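Engineer: Give me a 3D structure for the following:
(2 chains)
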Protein chains: 2
Amino acid sequence: MNKRWSKEVRALLQKKKRKETQQFIVEGYKNLEELFRSDLEIEALFHTEKLLPLLDQYKFNSKVIDDTTTPTLLKQNGHLQTNDTGLAIVKMPSFSIPSVDDLDSFSIALDDVRDPGNLGTILRIADWYGIKNIFLSKQCTDAFAPKVIASSMGAFTRIKFHTVDLVEQLSEYKEKGIQIIGADMNGENIHDFKPKGKSIMVMGSESHGISDEIHKILSTKITIPKYGGAESLNVAIATAIICDNIKRV
Amino acid sequence: MNKRWSKEVRALLQKKKRKETQQFIVEGYKNLEELFRSDLEIEALFHTEKLLPLLDQYKFNSKVIDDTTTPTLLKQNGHLQTNDTGLAIVKMPSFSIPSVDDLDSFSIALDDVRDPGNLGTILRIADWYGIKNIFLSKQCTDAFAPKVIASSMGAFTRIKFHTVDLVEQLSEYKEKGIQIIGADMNGENIHDFKPKGKSIMVMGSESHGISDEIHKILSTKITIPKYGGAESLNVAIATAIICDNIKRV
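Structural biologist: Presented below is the predicted three-dimensional model:
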């Protein structure tokens, strides 16, 4: 990885540069493997010899392939604390907002989820439960941030994330018959809940829950019953429990 | 916080020193509030004026109370990246291993969970689901590590954690009629599972799952059904989904 590439990779740690260039970075063995399996366009790949088994296994196109990279360079320029395999610069996919017909029976919307680790974990959970579309409010952390991509464990290759004006988008879906469900402290017990037709579940922010504006749009509210002393659950944990309950119906 | 105390607090960031002194640290508003509500013994409390509302609200004993602390000192000596409220040195509680009669209907065992954030989150989940006892293998991360305590969100005041020879302890419980359940990729669907009598659920390590030795002890195995493309779920996420399924029975 020469100096010009180092500079380019480091720039992609910033949201502003990712937006300008419409590129993001993918790091580490597991996420690179998922990348090679996907249809995403690879602009450049920097790797050590530890990635060779993957390069033999998958057919993929990359405009640049550079095998002069070291773990030290990967650590200096990427975001992972250790990375002895590789890093790719990838073209951002663009997803069109699904019509009501294109929506699956169940989707997720995140209202102001700020922590990249939480967002990445939520993508991984959604991927486990076969959820295709996730809607993000404009105040959510950037879904293409390196930490989100890394903690999604490949989910970024399968899930369509849409950053939207959440109030507007959910209002429009609701008018067209989609049930908008809010996860809240005072809702129906999720153990007894069955969604009616196609639905979107809204998860609120780590600190303030669902915003007042979104509250006004909700068709209904659900709650995870508590049996002990904890005051709350982490937003990713709550998402997982709700997805499991919805999918078992 | 004078130099002597700074040194003492910093020492408690290390497992070895915590073991020697049988003390650990609790940081930040929420966890200090939970500490004041509990019966844990406080050796020393260092706080800024932002903690005053809590000090007025709760009756608690601390051998030393030092109000000369600043956010800078808290950051320099504690483990949190920002802390403008306070830090306490607390005496480690000692919990005796529960007899079969003392065990609740459902407990958790962790086989080699290494990540402090995961362990803290699991304590918080267990606390939400009213689980009283958690058994930790000796290879698990230390439950009194500052990151575990911080991410447990007060659960450390309500949950009894027992670091044990897990093979030995679970074998003994099994002989006495406790069902030992393993979370695994090839088990009974958790959506159809009902525990028989008192049970302990074993969660495996982040990288290798349940160890071979523990596998031999299991009474039965359960699995979280997958609907999409993700290869696995994080251990804390899986724990939450299983607890929710067990508790809804």
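
Engineer: Show me where chain A has its helices.
Structural biologist: According to DSSP state H, chain A carries its helices in the segments A:3-11, A:15-21, A:29-37, A:52-57, A:71-77, A:116-128, A:146-151, A:166-175, A:212-215, A:235-248.

Engineer: need the residues of chain A near chain B, please.
Structural biologist: A:121, A:124-131, A:153-155, A:158, A:191, A:224-234, A:236-237, A:240-241, A:244-245, A:247-248 (C-beta under 8 Å from any C-beta of the partner chain). No exception for glycine: its C-beta is placed from N, CA and C like everyone else's.

Engineer: Just the buried subset of those, written out for ChimeraX, thanks.
Structural biologist: Selection command for ChimeraX covering only the buried members of these, criterion 16 or more other C-beta atoms under 10 Å in any protein chain shown:
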select /A:121,124,125,126,127,128,129,130,131,153,154,155,158,224,226,228,230,233,234,236,237,240,241,244,245,247
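
Engineer: List the buried residues in the lengthiest strand in chain A.
Structural biologist: Counting residues, the longest strand in chain A under DSSP state E turns out to be strand A:179-189. Neighbour-count burial for strand A:179-189, counted by 16+ other C-beta under 10 Å, picks out A:Q179, A:I180, A:I181, A:G182, A:A183, A:D184, A:G187.

Engineer: so which of the residues you listed comes closest to B:S171?
Structural biologist: A:A183 (40.6 Å; C-beta to C-beta).

Engineer: tell me the centre residue of chain A?
Structural biologist: A:L123 (4.0 Å; C-alpha atoms, centre = their mean).

Engineer: picking up where we left off before, Throw the helices of chain A into CSV and include mean pLDDT and distance to B:D115, thanks.
Structural biologist: Output for those, formatted as CSV (pLDDT from 0 to 100; distance: least, C-beta to C-beta, whole Å):
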stretch, mean pLDDT, distance to B:D115
helix A:3-11, 95, 27
helix A:15-21, 97, 27
helix A:29-37, 96, 16
helix A:52-57, 93, 25
helix A:71-77, 95, 20
helix A:116-128, 97, 12
helix A:146-151, 96, 12
helix A:166-175, 98, 32
helix A:212-215, 97, 33
helix A:235-248, 96, 14
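
Engineer: Kindly tell me how buried A:F156 is, as a neighbour count.
Structural biologist: 27 (other C-beta atoms under 10 Å in any protein chain shown).

Engineer: Quick check: closest non-adjacent residue to it.
Structural biologist: A:I149 (5.2 Å; C-beta to C-beta, 6 or more residues apart in numbering or on different chains).

Engineer: give the contact list for the one you found.
Structural biologist: For A:I149, the contact set (C-beta atoms under 8 Å, 6 or more residues apart in numbering or on different chains) comprises A:F24, A:I25, A:V26, A:E27, A:N31, A:G120, A:F156.

Engineer: hmm, which two among those residues are most spread apart?
Structural biologist: Greatest spatial distance in the contacts of A:I149: A:I25 and A:G120, 13.7 Å, computed using C-beta to C-beta.

Engineer: Mean neighbour count, the helices of chain A: which tops it?
Structural biologist: helix A:116-128 (a mean of 25; mean count of other C-beta atoms under 10 Å in any protein chain shown).

Engineer: Check which helices and strands it sits against.
Structural biologist: Using 3 or more C-beta pairs under 8 Å, 6 or more residues apart in numbering or on different chains; DSSP states H and E, the elements in contact with helix A:116-128 are strand A:106-110, strand A:133-137, helix A:146-151, helix A:235-248, helix B:235-248.

Engineer: And the ones you listed: which comes nearest A:T70?
Structural biologist: helix A:146-151 (18.8 Å).

Engineer: next one: the closest one to chain centre, how far?
Structural biologist: Computed by C-alpha atoms, centre = their mean, to the nearest Å, the chain-centroid distance of helix A:146-151 equals 8 Å.
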